[in-house]
Structure formats: structure tokens, C-alpha cells
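Asks: kindly return the folded structure for what I paste below:
(2 chains)
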Amino acid sequence: MLNIKGLRVSVEGKEILKGINLEVKPGEVHAIMGPNGSGKSTLASALAGNESFEITEGEVTYMGKDLLDLSPENRAREGIFLGFQYPVEIPGVSMVNFLRTAINEHKKYKNEEPLSAGEFLKLMREKKSLVEIDSDLTSRSVNEGFSGGEKKKNEIFQMALLNPTLSILDETDSGLDIDALRIVANGVNKLRTKDNATVVITHYQRLLDYIIPDYVHVLYRGKIVKSGDKSLALQLEEKGYDWLKQEAGIEV
Amino acid sequence: MKTLTEKTDTVNKYVTLFHEHQEEIMDAEPAFLSEMRREAITNFERLGFPKKKAENYKYVHLEPFFNGSLETRFAPRKLEFDIQEMFRCDIPTLDTHVLLVLNGFYYTTTGEQLVEQENGVIFGSLNEATARHPELVSQHLGKYADYRNDPFVALNTACAQDGVFLYVPEKQTLDKPLQIIHLLLSDENEMVQHRNLFIAEKHSKAEVIICDHTLSNHLFLTNSVSEIAVAENASLDVVRMQNEHNQAVQITNTWIEQHRDSTARHSTITLHGGKVRNNLQVKLKGENAHCDANGLFLIDKAQHVDNFTVIEHQQPHCTSNQHYKGVLDDAATGAFSGKIHVFPDAQKTEAYQTNNNVLLTRDAKMHTKPQLEIYADDVKCSHGATVGQIDENALFYLQTRGIPREEARLMLMYAFADEVISGIREEALRDRIANLVSRRLRGELSRCDNCAINCYD
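Replies: Numbers count the residues shown, from 1 in each chain, chains lettered A, B, ... in the order given. Next up, the predicted model:
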């Protein structure tokens, strides 16, 4: 589904990712862990198409297409979803207008009929319960005045509505209390199928108690220094990152 | 002291024009009016046009526009045109009294110059109202707009022949909004000066919608004055929509006087126009009066919109809110100058002002100048101004949800404009304006949306 080969990414001339290789297949859940500043969010943003991240080398194919060739909106319409670490507040754009426009842009891309107002409301109601999002939130402006937890729930709500093939969740767990974390994780689990895949970027093993990954990768200084199964996450929780740094032969 | 204005050839041109046409201008009118005109033209001669560096006209120098070869008429010209055919105002769900003012003269197909309703409400031609109700008109005309110190008001006072008159007596409510459509249509370049007078007596209520349109591809210069009196506990809403072509120059002078416990709301939505200058002067002359003054402009190419406001808090416990916004594309320029003047006695004043602008290109320019003059010590006043660009983070966020960049940009611009639009209380009108603004942002709204001619692009 997603194939990253030798990806190098710079931000304002500084190289952040120094040759990433990663393959994600349908049905899989990958967790990307790593200390602060290792390049996790850069990877997520570059995959979603943020123009402030310059791809200097490497290739990314997604469902057989050259992903790097697509605009952010077309990546989205091809089925990639980025859950933001810091969802953006957009005053004046109502949630309803935003969601409906987004869904209908997806429909248009697939040459399908746009949803009628009734169908859209029905879909909203259905997906709202999935993430236990407060009804009141959908009548407000996008993320405006939402609490940290509400913003993250809202990301999963959007994910549920857009039904992506590949979801990249960037630190979706940060800033969540344990109840919100459970709700968010439940949402992600309920949306899992054998055809879609999820990349979870996180600091903490905690989230992986709820979302069980098939693979765990450790990103350090712009490279994946170790990959393993979920036990790797437990090892990290126990021992921290230092042993890995030594193993990877990098000066601490 | 050297004043910032001086007598020029342009001033002479209009003074001469006045004297040459005196008889026609003052034909069959009450003495008070003629007297006022003579005084006004003398004032105009003394004041002259604001000079290029005059502080209040720093960003738009208007005198050169008065210098061109422009026809000025003091009597309506017979124009062969089918109003139904040429102009349809498609606010379908909005039930209004539609009044047309064509090139500054009240225009009616029915011959009815003035409507006088059973409850005492009067609306129609100002000229006709002056003839039929000289006492009523003389109590108000020239009492609010300052023709002694403002040259544009002085020139208008000397020359204006017609416009719309609205009178709502005590405790009455205007049954449906008055919709005044100012049309400019000519086969030559023309200068137009019309005058409106709206009077809301004690405990009365009215809504007025003003639409400014050009219907032919000629140079038009408009210098209009609206005088608005809102008596004790009365409420008056005015929404003005400006949609003139890129060759049109428009100066509006709106003077509002409010008495105790009254409410006035004034919104100016500028969709198109060549050079637009909107002067709004509000005097809060009684306690506990409230005024909202909002504005929104969406301009591109070489258009210029200049919003100038003065809110005078003369008495205690009054509140005023000003919210002006602008979206500027291409090489458009804009200016906002907003003054809040709190008099020494006006304790417990609350006066707020916000001016936000978005520049879409490097060439667009916005000047913003808040001015607070506060002579009372127990007041709450604030002002804030921003000039910025579209938020790139928000754009990216929308794009990652599958919304194309251009569409996302429109959504953000619309969101920006919506704050002013949502302040319009009449729902049908608000929807209609929202629709116009959205089409304007998409570039689908040409200069004259409702005109069948589409003569100018």
C-alpha cells in the first residue's frame, strides 16, 4: 500500500529525515516511536504534502502511484488521512460546512453524487457516536475554542467520516487524559478493517495498550534505527531509548 | 492659521455652476431651502476641496475627479428605459418597498411621488416631501449633516435636487424594509448628488436597505448625503450595498444623530467600485444610545475603498461597536480611519473598534488608522487593527481533508467576511448578501449583477 524508499526531507535547509525506508500493507498497524526531535512529525507532514517540507531524495509510492507527485488534497482524496498533532482552529468556517465540503470533494473525485443534506446529517449522527463527540461541537467553527481532547476527538471524527485507506495519526494521544485516550483509541480500532492501514506516531507506549500495533519502528535522528513487533514498545517503556542509541552506534 | 484647503479652479467651477443655474436649482422650493443652499455654496467656496495632504483625506485625493468633464443636471432627464427589463433586484424572499433613484432623481413608473400610509408613515421623493410637508422637512433637513464645515456636504446641500425621504412617526413601525436603489444610467459622463433624509420619531422602528448600482459604462461621480435622525427609544437599521463599476467614483456622507435609548445599526458592504469614500458620522446625543457601525469591502484590480468614521459620544452610558473588514486582491488599496470621540461628560461610555484586513497579493495595500480622543475618565474603549494574509496552516489543514487549495482559500476568505455579514439582522437580506459575497469572492459576480447590459468589465 505505502512504500517509502530512501526518503530524505529538509526544512529550511536543515535535513531532518535522512533516508527512511518503510513498507505498510493493508490491514496493518504501524507505530512509529522515538524521542523528541527525531523527525516523527516531519515524516507525517511530508507524507501529507506540506510544502514547507522539502523532499530532497527518495521515493514514496502509494497504491502504485507516485505520492510525491500529488497535491495535498489529492493525497487526501486518494485515501490518506493525517490526524494533526495540533489541529488548526479556523474561525468562521463551520464544522458542518467544512465536513460537508470535504466529503463531497471526495465524492466528486470518485465521480460519485454529492451527499444530500439529509444523507450528510445521517452520516454525521452515525459517526458522532463512534467517537462520543459532543453534538454541540459540530455546530461551531472548526476547532475554535475546542479543548485539547475535543480537538483530538474531532480528528478521529473526521477520519471516520472520510473513511481513509491509510491513516497517519500524529501524536493523537498527546494531551489526552485516560478517558479521552480510550475513546480515541476505540474510535481508531472500530475503524480498522483488513483493507485499511494505520500509522500511529507516538511518544508513549500507553497508546499502544489500546491500539495494538503489528510493527513498531523507532525513529532516531532522521532514521529508523530499529523495527520490531509490539514487544519493542514495551522494551522502550522499560529501558528508554539510550540502549537503542548505543546499539545503533550513535553517540549519545 | 493656514488651512489645508484653498480655493482652486475646480472649486470655482462648481461655484460658477451653482450661480449660473441658481434659478433652476431653487425653482419652486420653500425659502428655507434656498437660504440654506446659498449659505452652503458660500461655505463650499470658503472650504474648498480637501487638499492632497489633508489628514482626513490622506489616502484618497478626490478633487481631481471633480475636475473631469462631467454633466451635472438639476432636473431629471427623460430616459427611455424599461426598468423591469434592465434591472431586477433578485432578493426574492425579501419583501420591501422598492424605491428607485435614477441619476439622483426619484423615479417612479406609477407617478406616485410620495406614499403616505394611514399610520402617518411617509416615504418617497424628498423633493415632493419638501413641497408637501415643508415644515416637517425644514425641521430636519440640513440639521444633521454639517454643511458649514464639510465641503462635500456643503456642495451637496447647495446642489442636491432629490433623493429619498422617510418619516416614521412616534410609536410606529415601518411595515416592511425600505429598499432604495440608486441607479446610474447615462449616455455621457455624469456627476450625481442626491440626498436622503430618514427620520425615526420616538419609539419608532424602521429598516432601510440602500443599493448603489451603475447601469452604463460611463464615468460617474456621486457625492451623496444621507441624514438620519433617530429619536428617543427609536431603532433604525441601514444596510448599504455598493456595487458600482471600476470607473465610478462614489463619495457617501452619512450623518446619524441619535437620542436617548435609541439604537442605530449601519452596515456598508462594498462589492465593487472604482474609488469609494464612505464618511460616517454618528453623534450620540442622548444617554444610553447604542450604535453599531460595520463595514466589509472586497476589492481587486486598482479599486480603492476608504472608510472614514467618527463616533461622538456626547452623553453618558452610550455604547458603540465598529467592525470594519477588508479583503484586497491585485493592486487594490484601502483605508480605514475610525475616530472615537468621548466628550468630557460622557462617563460610562463603552466604545469598541476593530479593523481587520487580508491582503491577497504583495501589491495590495491597506492603511488603517484608529483614533481615540477621550475626555472622560470612566470609560471603556478599545481599538484593534490587523493586516495579514490567509493562514497557511489553515489552508493546509483544509487541503489534507480533500478540499482543493483554491476552494480552501475561498472558504477562509468567506469565513473572514462572515463576521460582518452575520451582523445583519434581517435574515433574508443576510442570506442574500452572503450569497453575493460568496459569488464575488469566486469572481462570479460581475460589476452589475442584476443588469442585463453587462457593458463594462
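Asks: ok, and what's touching stretch A:70-77?
Replies: Stretch A:70-77 has contacts (C-beta atoms under 8 Å, 6 or more residues apart in numbering or on different chains) with A:47-50, A:62, A:67, A:78, A:105-106, A:109-110, A:162, A:164, B:396, B:399-405, B:408. Every C-beta, even on glycine, is put in place using the N, C-alpha and C of the backbone.
Asks: what's the mean pLDDT across that stretch?
Replies: For stretch A:70-77, the mean pLDDT works out to 97.
Asks: residues near B:Glu63, how many?
Replies: 18 (other C-beta atoms under 10 Å in any protein chain shown).
Asks: can I assume it is in contact with B:Thr10?
Replies: Yes. Between B:Glu63 and B:Thr10 there is a contact under C-beta atoms under 8 Å: 5.5 Å.
Asks: between those two, which contacts overlap?
Replies: Residues touching both B:Glu63 and B:Thr10 (C-beta under 8 Å, 6+ apart) are B:Phe49.
Asks: nearest to chain A: which residue in the stretch 351-457 of chain B?
Replies: Closest residue of the stretch 351-457 of chain B to chain A, C-beta to the nearest C-beta: B:Ala415 (2.8 Å).
Asks: returning to that earlier point: ok, of the contacts of stretch A:70-77, which come out buried?
Replies: Neighbour counting with 16 or more other C-beta atoms under 10 Å in any protein chain shown marks A:47-50, A:62, A:67, A:78, A:105-106, A:162, A:164, B:396, B:399-404, B:408 as buried within those.
Asks: quick one: low-confidence residue ranges for chain B.
Replies: In the predicted model of chain B, residues B:1-7, B:80-93, B:445-457 satisfy pLDDT under 70.
Asks: tell me which parts of it are close to chain A?
Replies: B:391, B:393-394, B:396-405, B:407-408, B:411-412, B:414-416, B:418-419 (C-beta under 8 Å from any C-beta of the partner chain).
Asks: of the residues you listed, which belong to helices?
Replies: B:393-394, B:396-399, B:405, B:407-408, B:411-412, B:414-416, B:418-419 (DSSP state H).
Asks: quick check: which helices or strands does the lowest-mean-pLDDT helix or strand in chain A pack against?
Replies: Lowest by mean pLDDT, DSSP states H and E among the helices and strands of chain A is helix A:242-247, with a mean of 78. Using 3 or more C-beta pairs under 8 Å, 6 or more residues apart in numbering or on different chains; DSSP states H and E as the contact test, the elements touching helix A:242-247 are strand A:215-220, strand A:223-228.
Asks: could I get these as a markdown table with mean pLDDT, mean neighbour count and distance to chain B?
Replies: Output for the helices and strands packed on helix A:242-247, formatted as a markdown table (pLDDT from 0 to 100; neighbours: other C-beta atoms under 10 Å in any protein chain shown; distance: least, C-beta to the nearest C-beta, whole Å):
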| stretch | mean pLDDT | mean neighbour count | distance to chain B |
| --- | --- | --- | --- |
| strand A:215-220 | 94 | 22 | 21 |
| strand A:223-228 | 92 | 18 | 24 |
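Asks: redo the ones you listed as CSV? Include distance to B:Asn356.
Replies: Listed next are the helices and strands packed on helix A:242-247 as CSV, based on distance: least, C-beta to C-beta, whole Å:
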stretch, distance to B:Asn356
strand A:215-220, 41
strand A:223-228, 45
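Asks: out of the ones you listed, the one nearest B:Gly104 is which?
Replies: Closest of the helices and strands packed on helix A:242-247 to B:Gly104 is strand A:215-220, at 72.1 Å (criterion: C-beta to C-beta).
Asks: any stretches of chain A with poor pLDDT?
Replies: A:248-252.
Asks: what parts of it come near chain B?
Replies: Chain A comes close to chain B at residues A:48-51, A:71-73, A:75-77, A:81-82, A:84, A:87-93, A:97-98, A:101-102, A:105-106, A:109, A:141-142, A:158, A:162, as judged by C-beta under 8 Å from any C-beta.
Asks: B:Pro344 reaches B:Glu373, doesn't it?
Replies: No. With contact defined as C-beta under 8 Å, B:Pro344 and B:Glu373 do not form a contacting pair (10.9 Å).
Asks: got a list of what B:Val342 touches?
Replies: B:His313, B:Thr349, B:Ala351, B:Leu372, B:Glu373, B:Ile374, B:Tyr375, B:Ala376, B:Val379, B:Cys381.
Asks: the residues of chain A next to chain B in strands, which ones?
Replies: A:Phe81, A:Leu82, A:Ile90, A:Pro91, A:Gly92, A:Val93, A:Ser141, A:Val142 (DSSP state E).
Asks: what's across from the last one in the sheet?
Replies: Right, A:Val142. A:Ile90 (DSSP bridges).
Asks: my guess is it contacts A:Phe98. True?
Replies: Yes. Assessed by C-beta under 8 Å, A:Val142 is found in contact with A:Phe98 at 5.0 Å.
Asks: comparing these two, which residue is more hemmed in?
Replies: Set A:Val142 next to A:Phe98 and count neighbours by other C-beta under 10 Å: A:Val142 wins out with 28 against 23.
Asks: which residue, other than its chain neighbours, is closest to the residue in chain A that chain B sits nearest to?
Replies: In chain A, the residue that lies nearest chain B is A:Gly92 (2.8 Å; C-beta to the nearest C-beta). Distances taken as C-beta to C-beta, 6 or more residues apart in numbering or on different chains place B:Ala415 nearest to A:Gly92, at 2.8 Å, with adjacent residues excluded.
Asks: the one you found: neighbour count?
Replies: 19.
Asks: try A:Leu232
Replies: If you count neighbours by other C-beta under 10 Å, A:Leu232 ends up with 21.
Asks: over to B:Leu136?
Replies: B:Leu136 has 16 neighbours, counted by other C-beta under 10 Å.
Asks: quick check, it in a helix?
Replies: Yes. Looking at B:Leu136 with DSSP: H, G, I helix; E, B strand; the rest coil, it is inside a helix.
Asks: what's the distance between it and chain A?
Replies: Distance of B:Leu136 to chain A, computed by C-beta to the nearest C-beta, to the nearest Å: 44 Å.
Asks: and the nearest residue to that residue once chain neighbours are set aside, how far from chain A?
Replies: Using C-beta to C-beta, 6+ apart and skipping residues adjacent in sequence, the residue nearest B:Leu136 is B:Tyr167, 6.7 Å away. Going from B:Tyr167 to chain A by C-beta to the nearest C-beta gives 39 Å.
Asks: burial of B:Leu271, as a residue count?
Replies: B:Leu271, neighbours per other C-beta under 10 Å, totals 22.
Asks: equivalent analysis for A:Leu161, please.
Replies: Counted with other C-beta under 10 Å, A:Leu161 comes out at 21.
Asks: might one say that it is in contact with A:Glu126?
Replies: No. Using C-beta under 8 Å, A:Leu161 is not in contact with A:Glu126, being 9.2 Å away.
Asks: which one in chain B is furthest away from the centre?
Replies: For chain B, the largest distance from the centre (C-alpha atoms, centre = their mean) belongs to B:Thr400, which lies 41.7 Å off.
Asks: list the contacts of that one.
Replies: A:Ala48, A:Gly49, A:Pro72, A:Glu73, A:Arg75, A:Ala76, A:Phe81, A:Leu82, A:Phe84.
Asks: now tabulate those residues in TSV and tack on distance to B:Cys211.
Replies: Formatted as TSV, the contacts of B:Thr400 follow (distance: C-beta to C-beta, whole Å):
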residue	distance to B:Cys211
A:Ala48	45
A:Gly49	44
A:Pro72	40
A:Glu73	37
A:Arg75	45
A:Ala76	41
A:Phe81	45
A:Leu82	45
A:Phe84	43
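Asks: which of those residues sit farthest apart?
Replies: Largest separation among these by C-beta to C-beta: A:Glu73 and A:Phe84, giving 15.5 Å.
Asks: list phi and psi for the most centrally placed residue in chain B.
Replies: Compute the mean C-alpha point of chain B, and by C-alpha atoms, centre = their mean the closest residue is B:Thr252, 4.5 Å away. B:Thr252 adopts backbone torsions of phi -110, psi 140, taken as degrees, to the nearest 10.
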